[in-house]
Each structure stands twice: as C-alpha cells, then as structure tokens.
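Peer 1: Make a model of this:
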Amino acid sequence: MSLPAIGGGGGSGGGHRRPQTAPAPQTQQAPPRKKMGSLDENALWVQQSAARFQTCLQSTVSGSRKTYVSQWYSGTLTATLSKLHELEETLYEVLAAEPDDPAGGDSSMQTPEVEAKLAAADNPAVAALRLGTQSLVGLAAGASHSLLLSDSGHVLAFGKGTHGCLGTGEGGNSFEPYFLRAVRDIRVMQVAAGQSHTLLLADTGAVFGLGCNECGQLGTGDRRSAVTPVEVRTGGLPIAQLAAGAHFSLYLTEDGRILSSGYGSSGQLGHGSKQNELTPKCIEAREFGEASSVAAGADHSLVVMKNGELFSFGKGFCGATGLGHERDVLEPHRVGGFEGFHVLEAAGGSAHSLVMARDQSGFVQVLSFGLGHDGQLGHGDNGDRWSPEVVVSLSELVVVQVCAGNRHSLVRTESGNVLAFGAGAHGKLGLGSTASKVDPISIPELEGRVCLVASGGDHNIALDQDGRCFTWGSSRCGQLGQGSDLPLAKAPQEILLIRKQELTGKKSAADEAKARETAREKALNEKLRAARSREEGEKEEVRELKKMIADLSEENTDQRTKNKNLLAQAAEMRRTQKELEEKLWMTEKHLTDEERESARRRELAEDSMMGAEGLRSGFQAYLDEVRFYRGLEERAKERSLTCEMMLTDYDAFRREADATEFRLNALLEEAVQRRSDCEAVCATLREKNQRLVAQHETHDARVRSVLEECNARMAGTETQRLAQQVLHLQQRLAGQSEKEGMMSRRIESLVQEVKELRGPRGRG
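Peer 2: The predicted model follows:
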C-alpha cells in the first residue's frame, strides 16, 4: 500500500486536497488586503505548527512500520520546517522594511507631475489606471456590454450601449473603456449588468440604474429608459448585493431580504405571479429565511440562504431551476439534492446553473444542472440535468468561484487558474478555437494569475493579481474593450488602454517603492497562507495516517494468522513432495525394458480407450438425437389424433346443424300455413265487420224514423212507448259498438301475429 503525498496545493496539478473556507458569495469583488500579524505571533505559530506535527507523528507511528514511516516522513518534515524558517526570515525582512506610516493612501503617493496629468486628462479614471494610482477590484459582464470597477469607486463601461446602459448620454456602442462621469461623486462598491441595463451599488447602500427600463428592471416606478443614472426606489432599505438577469433585477438587503423588479413572465421575480414589477418588491414565501447571496440567470433566479440551503424560481427550461422538472416556478422553492452539503455560492447562465457547496468532509464541490446541450454542465456529455449533480472532474481542485454565461461556464481555482467548458462559439472559452468542450479545460494564458473572473453573453473578463484586465470572446459591439479592429478573440487579450504605466516616461520612485512593497506584502501573504494550508493538509495527512496504521495493524494480525497456516501447509506439501520424488526415483531405478514396453502398451491401450470413449460419446449423442426425433414423432401422432377427434366432433356438429335446419324449415312451413289461416280469418272478420256496419246503419235509420214518429205524435202513452223503444235501441247500439271494438282489437292482434310469422320466414 502506497502512502499519500503531503501538500499538493490546488489547481490542475492534483495532489492531496485540503478543506477550505467559504469564498465571497458572487460579489465579484477582489478581497481586501489583510494586515500581517506581529513577528512574535508568526514565530510562535511556526514553532507550534512544527511541535504539533512532530507530536502527531510520534503518537501515530508505532509497531513494525515505525521505522519505514519515520523515514518516509522525515524528508517531508525537514522540507516543511525549512520552508517555515524561510517564511520567518521573510517576515523579519518585511516588518523591518515597513514604513512608519503604513496608511499612505493614493493621494500621498501621487507626485505633482502625476496630479497634473490626472487634472488634464479627458478620461480621468482611465488615466488613473494608466498612472498606477488606482487598481481594478470589480467586474461585471452583461449580454453585450462590460463594466469595470476601480478601488476608488470609479466605473468604466464599454460594449453595446442600447438604451444608454453605458452612461454615455446616448445609445451608441463604445469599443474602448469609458469613464461614467455621471457617478464621479458616488463611491460605487459593486456593479451588475443585464441584457441592456446596468446597476450600480453605492457605499451608502443606495442603488442607481442605467439603460433599458421597458419592463421595470431599473425599479424607478415607470417604464422610461435612463441614459444617465437614476436612483432605484428600494424604499430606503440598504442594499448589500445586486444581481441582474436578462430583463429583471434582484436586490439583497443587509438584513437578508430579497427585492425584485422587472420582467416576470416566467416567475423569475418570485412573487407567485407572472406580472411585471416597476418598483422593487420584497419576496414573501414559505420557508424562505435569511439570504446570504443572490444570482440571476437569463430568466431564472437563485438564492443562497445563510443556513446553506438553495432556493430557485423562474423559467424551468431543461431543469434550469434544479427542481426535477421543466415547469416555470412562480415562487421560491427549495432545491433538493444538497443533503450533506452547505451551499456557498451560485451562478445562473442562459438556461443552466452552477453551485459551489461544501460537503461534510470540508471539501468544496461544484454541482451543475439545467441545459447541457453544449457541455456547459461539465459532466463529459451533452445531456441535460434536471437536478443537481456533482462535477466529478472538478472534485480534486480547490474551486473558489463559478461563473455561468450563454451556454458556457467558467471556474476559478485557488491557484489562480481558470477552467472553461461549454459552447466555444466566438472563441468564448479562450482555448484558441471555437470548438465546444464537455469537460473543464484550463486556459493556458491565465494559469496561476487570475484573482477575479466574470462571464457575459458571448464574452468573458478576467482580472489578474497585478491588476491587469483580460477579455476574450465576441467583440461585435466592443464588449472586449480592445477597439473596433478586433471582431473576436479566441484567447485572452489584455486591455492595453488601462495598463498600469505612465502616459510618458517611467514610473516615479514613489510608485516603484509602493509597487515593490505591495509585491513583497503579497508574496508574504501568499507564503503565509500556503504554510497554513500546508499545516492543515499535514494534519489531515496525520489523521489519515492514524486510520491507515490502525487498518494496517488489523490487516497484519489477520495476515500473520494466515501466514502461519500457509507455512504449515507449505511444510506438509514439501514433505509430501519429497516422499513422492523418492518413490519416483526408486521406480525409475528398478524399471526394466519389459516394464517400459508394458508401460508403452498400457499408454496405447489408454489411448484406444480414450478413442472408444469418444466413439461412445458420439454414439450417445446420436442416440440423444434419435430420442429427440422420436419425441417429435410422438408429438406429431398426438396432434394427428387430436385433429381426427376434432374432425369427428365437426361431423357431429354438422349433422346436428342439418337436423336443426330441417326443423327450422318445418317451422317455416307451419308458419306459412298459419299465416294463410290468419289471412282467411281476417277476411271473414272484415266481412262480419261490413255486415255490422250495414246493420248499424239500418238501426240508425230505424232510430231516425222512430224519432220522427215520436215527434209527430208528441202526446200520450204512445210518446212514452216510443221513448222506451228509443232507449232500448240506444242500449243495443252501445252493445253493438262494444262488440265492434272487441272485433277490431282481435283483428289487430291477428295482424300482429301474421307480421311476427312473416319475420322468421323473411330471415330464412
């Protein structure tokens, strides 16, 4: 078993990976420089580190492997102590050379000549960067424009100026960095860029907006675009962080609340509806606690909570929200898949998302989800992910920043490397070509030097440790700041217009001294941080070594028992082998020619027996085949008998069908006869009916004659007698009518029977 290596650091070089602290959550601001501790504190830390390492080594190494492990670690311990002593000497030198007044701001380092040049310059912010009196600390990349922020709070803008988002007072493009004079009196702390709008966060907590406001993304309460900065109506709440989507804006307050304004057709504002908001409105949702950072994609939003959870809402195309489906989400929902992780930072792209999260071991992992058609998720394929999935190829790197653009992604490591993956159109991966990459690949020109990076639509910006700014990707609108002669850059190009050097001549002595002091302090910080990181790594190595030694001890115990058994078995086998060799030697010694011939014949007989066995096997196979075909024959006979039985059944069924047909014909003839009888009965009934009708008419005539006779006499008993006759005749007529009704109903029933008899005959 090989022992693990110590140290190794971050970056693409691999090695043992150590836990790290949470980076700044997507502010894209350079971290402030920290003051060094005193000499005594650093020396004490060096001594304590060495003592702890030696103590751990002595306590963990024991047993049979003590000598080997001690020799293996002795070289590493010596090298570590040597580097710590070297760091101690560097501390002495730097602290001895530190000036009495370390505060010295930019103004104290400016000579009268530099101040005169700044006063005469047309673009004072650019001139200050050139003269070295200011440095860049912030970046922002929109769809087609870029923003740079200096440590003095000045803002430089370049790229597409639609709706006045560059602050030039007009809507034209700018191919070179332009100083925003309108905010010269405001100390800007953070910048954010969307599709065609710009957001600026002042040190007072106020927010100012520029550019397109058709959907209310500037939060001014109306839809008028702004070519000069206008203040966002945040209700007096101090803002701590900004995030700009395509046509909407997110604002994080200092107390952890989220405000949003702008376009809301996909629910990206998080208010439970698809309405636009012209002024920032606070997001109210269940289980939505205190937020630590926000991130905005093109049409979806991500919120990192202080308890390490991640919430998302907005357009769910291809799983960009990480909720396991493609439906639009109108209010914040907790993203699953982060069990055992503490989310540190998130970034939203056109339709995908990247997340940095610390696992239970203290390592920072990168997870991605959403559209993966061009490999922008970094999983080695072009598949989409509807739920968070760890980017395995980044697991061995110490990642400190993630960025998501238009179908591409960037990752910055602790060692200063930038890795790119996704769509390579316009050269936006910075790898010298326009080919897409499904795995993260380090950009060669930026290895070991980048401290800040930002991704836009089809371009990217990076800031190195020396304050130099690099851009690459599409430049059709000037978003690279390289001038109008460069349509695109397939590899990072430095913006020479803001390089830290004087307009004419060399740097002043004060500037050179300050640069040397800054470089020395930076080198000292790097060495001190590396030493502390190495100490953490060494502690982790010692813990792993303890565990490994315990495992080895247990394995050694089991192995010793196994070895004893194997040795006993080997001794027994050697004895048996020796006895067999002696017997063989004795047999060969006393073997005669006749016995050898007999042995040869025996071998031939054995060969013959083997041949007979082969023939027997072949004959057995032949018998098996015969049995198989006989089985087939038996099955065929069974099927033949079954068919004969079926034919017999069919004949019986046919005879039964013929008998049934005969009976049906007889019934049909009987029905025809009954029909003829019914027709004769009907004819007789009709004649009787006609006679009854004639009798009825005769009776009616007699009644009329009697009535007339009654009317003529109109008196005496004769009239009474006639009345009785009339009544008697009426009663007879009523009875006759009843008989006629019964006769009619009888005729109808007979007609119905005839129809029923006709029916079966017609079907036959």
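Peer 1: use CA for all of it now, contacts and neighbours both
Peer 2: OK.
Peer 1: which one's the longest helix in this protein?
Peer 2: helix 593-713 (DSSP state H).
Peer 1: which secondary structure elements does that helix contact?
Peer 2: Judged by 3 or more C-alpha pairs under 8 Å, 6 or more residues apart in numbering; DSSP states H and E, helix 593-713 is in contact with helix 716-763.
Peer 1: what's the closest non-adjacent residue to residue 289?
Peer 2: Among residues not flanking residue 289 along the chain, residue 305 sits closest, at 7.0 Å (C-alpha to C-alpha, 6 or more residues apart in numbering).
Peer 1: for the stretch 451-600 of the chain, what spans make up the helices?
Peer 2: Listed from the start of the chain, the stretch 451-600 of the chain has helices (DSSP state H, counting those that start in this stretch) covering 509-589, 593-713.
Peer 1: would a markdown table of these with distance to residue 352 be doable?
Peer 2: Shown next, in a markdown table, are those (distance: least, C-alpha to C-alpha, whole Å):
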| stretch | distance to residue 352 |
| --- | --- |
| helix 509-589 | 33 |
| helix 593-713 | 64 |
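Peer 1: For those helices, which has the smallest mean pLDDT value?
Peer 2: When the helices of the stretch 451-600 of the chain are ranked by mean pLDDT, helix 509-589 comes last with a mean of 74.
Peer 1: Off-centre distance for that helix?
Peer 2: Put simply, helix 509-589 sits 40 Å off its chain's centre (C-alpha atoms, centre = their mean, to the nearest Å).
Peer 1: angle of that helix against helix 593-713?
Peer 2: If you take axes from the mean of the first three to the mean of the last three C-alpha atoms, to 10 degrees, helix 509-589 sits at 120 degrees to helix 593-713.
Peer 1: So the nearest residue to residue 416 once chain neighbours are set aside, which state does it fall into?
Peer 2: Leaving aside its sequence neighbours, residue 416 sits nearest to residue 448 (C-alpha to C-alpha, 6+ apart; 4.2 Å). Under DSSP: H, G, I helix; E, B strand; the rest coil, residue 448 falls in the coil class.
Peer 1: Residue 448 and residue 543: what is the separation?
Peer 2: Counting by C-alpha to C-alpha, to the nearest Å, the gap from residue 448 to residue 543 is 30 Å.
Peer 1: got it, and residue 730?
Peer 2: Following C-alpha to C-alpha, the distance that separates residue 730 from residue 543 is 130 Å.
Peer 1: what's the answer for residue 711, then?
Peer 2: Taking C-alpha to C-alpha, one finds residue 711 at 144 Å from residue 543.
Peer 1: Of these two, which one has the most company?
Peer 2: residue 543 (15 against 12; other C-alpha atoms under 10 Å).
Peer 1: now that one: how far from residue 237?
Peer 2: Distance from residue 543 to residue 237, by C-alpha to C-alpha: 48 Å.
Peer 1: ok, now which ones touch the residue nearest to residue 289?
Peer 2: Residue 305 makes contact with 289-293, 311, 343 under the criterion C-alpha atoms under 8 Å, 6 or more residues apart in numbering.
Peer 1: Please check those residues and keep the buried ones.
Peer 2: 290-293, 311, 343 (16 or more other C-alpha atoms under 10 Å).
Peer 1: Residue 495: which of those is nearest?
Peer 2: residue 293 (30.1 Å; C-alpha to C-alpha).
Peer 1: Pull the residues that contact the helix or strand where that closest one lies.
Peer 2: Element membership for residue 293, per DSSP states H and E: strand 291-296. With contact meaning C-alpha under 8 Å, 6+ apart, strand 291-296 is reached by 25-26, 241-245, 249-252, 256-258, 301-306, 345-349.
Peer 1: which residues does residue 211 form a beta bridge with?
Peer 2: Going by DSSP bridges, residue 211 is paired in beta bridges with residue 197, residue 226.
Peer 1: Same check on residue 138?
Peer 2: residue 29, residue 149.
Peer 1: count of neighbours near it?
Peer 2: Counted by other C-alpha under 10 Å, the residues lying close to residue 138 total 26.
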